[in-house]
Every structure is written in structure tokens, then in C-alpha cells.
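# Structure, please.
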Amino acid sequence: MPGSDTADRPVREAGRPAGSILVVSGTGTEIGKTVVTSAVAAAALAAGRSVAVLKPAQTGVGPDEHGDAAEVARLAGPVTTAELVRYPEPLAPDRAARRAGLPTVSPAEIAEAARRLALTHDLVLVEGAGGLLVRFDEAGNTLADAARLLDAPTLVVAPAGLGTLNNTALTAEALRARGLAALGVVIGSWPADPDLAARCNLADLPSVSDLPLLGAVPERAAALDPAAFRAAATAWLAPVLHGTWSEPSFLRAWPA
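This next block holds a predicted model:
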């Protein structure tokens, strides 16, 4: 159910800075956003940081079903999880709320929840629903509006195959047009046997998006035993995400 699973963590002393907040957005849906969020959380935990995961709007699951935040906790380990709203149909949050006759969630509510979690955690991951400009409420507000209120960078999760160059470039352009910072791009599901398009996209993504490539999570990573997932997560992510992944090494392993 919506709510939070909070660890017993002390509130930071007065005058101490709050933890960092990172918004995680996809270029679309079903591209590995939750598994990337899980990997980022696992790598941060391995680096000794306390982590919270905020899912502002969970769609497509029932009241007692396993949502994205719970999946992050299953894979990554001891993170604090929180949901603000939950809707049963797998639709954009605004439409799902209207069809269910339930309240929507506003950027201000998302920002307030993230800031509250940042008081007691080193890193707060705010995982969106689908792409950056999916609507959350009747006013047309999106995850980008929450990122603006938080003044938080966005990590873009993109697929490996055909179509990703255009969609990633559009997402990067939307961030820049709103004056929002983008941390970089992580490929959400890197194939075990990538085709020519995927290998070329690997080299082309940074140039078309003007964003650094910060990692690649292998396909079916979520099927790993959680202990194996946590042990491997740092190898999938660049140092800025507490990992050891190297773009030059990866490009050499998968030449276009």
C-alpha cells in the first residue's frame, strides 16, 4: 500500500546539509528504469550511504501488490521506501487518477516528500512514471516540474535499441529547455548479444544527447538473486554513481 518503510535513522543536526536528491526518469516506459534505480541504490549502499527511494505515483498495481519501490528494496537491500499515490490501472498518473476517482499528486507534494527524506538519508532517488513529461495532475504538471522545485539533477534511463537516439535527445532537450540539470544517461537493459543498432547507439548516445553515458545495466538483471545483483551493481555504473564502469572500456568491448 502507499506509505513508507522508514528505518530508524536520526534526523540530521541543525545546520548540517540535507542529503542529495536525484530524479530518475526514463525516455519511455518498460525500459529498465526501476532496475537502474535499484542498481544506483545498491551502489550507494555499498559506498556506505543511506538511501531512500520515493515513487511519487505508482500505477498498474493493486493496494497490496508489489510496486516499484518494493522492487528496489528487494534488489538493492536496506533502503527506505515511500509512495505518495497508487492507482490500479497502468496508465499515466493523471488519467489513472481520474479513472479511479482518486486524488492526483502535485510537484509541491513530491518535492516536500523528497526533502523530508533527505533530512535523514544521504541519497534520495525519486523515480518517475514513464517519461519525463508524463502528466501527474489535471494542471499538466510533470516530473520535470518536481525536479525544478527540488533543483535536483535528472538521471535519464534509455533503452539500447532502435529509436533510443531520438527519444533520448528529446528528453535531454526538454530538460535543457526547462533549465534543468541532467546527470547523464544509463542504458536500462543492455543485451547479452547486442545487434549493430545497439552497438552504434552506445557510441552515438552521448553526441546526440550531449549527455555523458554513465552505465549499462544488463538485460535480465532483475532476475538475479538479490545478493548477486548487489555484488554486480557497481560494475554497471560510472564512478559518479558510486560504480566502477568505464565508458571507454565498454565501447572497446562492444565496437560499432
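# Sketch out the strands for the chain, chain order is fine.
For the chain, the strands defined by DSSP state E occupy 4-5, 20-26, 51-59, 80-87, 123-131, 154-158, 182-190, 213-218.
# Point out the most buried one among those.
Neighbour counts (mean count of other Cβ atoms under 10 Å) averaged over each of the strands of the chain peak at strand 154-158, with a mean of 29. (Glycine included, C-beta is placed from N, CA and C.)
# So what are the sheet partners of it and their directions?
Taking DSSP bridges as the criterion, strand 154-158 sits next to strand 20-26 (parallel), strand 182-190 (parallel) in its sheet.
# what's the angle from that strand to strand 123-131?
Between the axis of strand 154-158 and that of strand 123-131 there is an angle of 50 degrees, by axes from the mean of the first three to the mean of the last three Cα atoms, to 10 degrees.
# what number of residues lie near Thr29?
14 (other Cβ atoms under 10 Å).
# does it really touch Gly130, like I thought?
Yes. With contacts counted by Cβ atoms under 8 Å, Thr29 reaches Gly130, the gap being 4.2 Å.
# Please tabulate the strands of the chain in TSV, including the columns mean pLDDT and distance to Ala42.
Putting these into TSV (pLDDT from 0 to 100; distance: least, Cβ to Cβ, whole Å) gives the following:
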stretch	mean pLDDT	distance to Ala42
strand 4-5	46	17
strand 20-26	97	14
strand 51-59	97	9
strand 80-87	97	14
strand 123-131	96	11
strand 154-158	98	15
strand 182-190	97	13
strand 213-218	98	11
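# of all these, which lies closest to Arg176?
Of all the strands of the chain, the one in closest proximity to Arg176, counting by Cβ to Cβ, is strand 182-190 (7.6 Å).
# what angle do that closest one and strand 213-218 make?
Angle, strand 182-190 to strand 213-218, by the same axes, to 10 degrees: 20 degrees.
# Quick one: residues in contact with strand 182-190.
Contact partners of strand 182-190, identified using Cβ atoms under 8 Å, 6 or more residues apart in numbering, comprise 22, 26, 31-33, 35-36, 153-160, 168, 172, 175-176, 198, 202, 205-206, 209, 211-219, 221, 237-238, 240-241.
# same thing with stretch 88-99?
By Cβ under 8 Å, 6+ apart, the list of residues contacting stretch 88-99 from outside reads 56-57, 59-62, 85, 87, 100, 103-105, 129-130, 134-138, 140.
# ok, 10 Å please
Contacts of stretch 88-99 with the rest of the structure, by Cβ atoms under 10 Å, 6 or more residues apart in numbering, involve 29-30, 56-63, 65, 84-87, 100, 102-105, 128-131, 133-143.
# How about stretch 223-233?
Stretch 223-233 is contacted by residues 35-36, 38-46, 73-77, 215, 217-218, 221-222, 236, 241-243, 245 when judged by Cβ under 10 Å, 6+ apart.
# and it, what's its mean pLDDT?
Averaged across stretch 223-233, pLDDT comes to 98.
# The protein: helices as residue ranges?
In the chain, the segments counted as helices under DSSP state H are 33-46, 68-76, 93-100, 107-118, 143-150, 164-177, 196-209, 226-233, 247-253.
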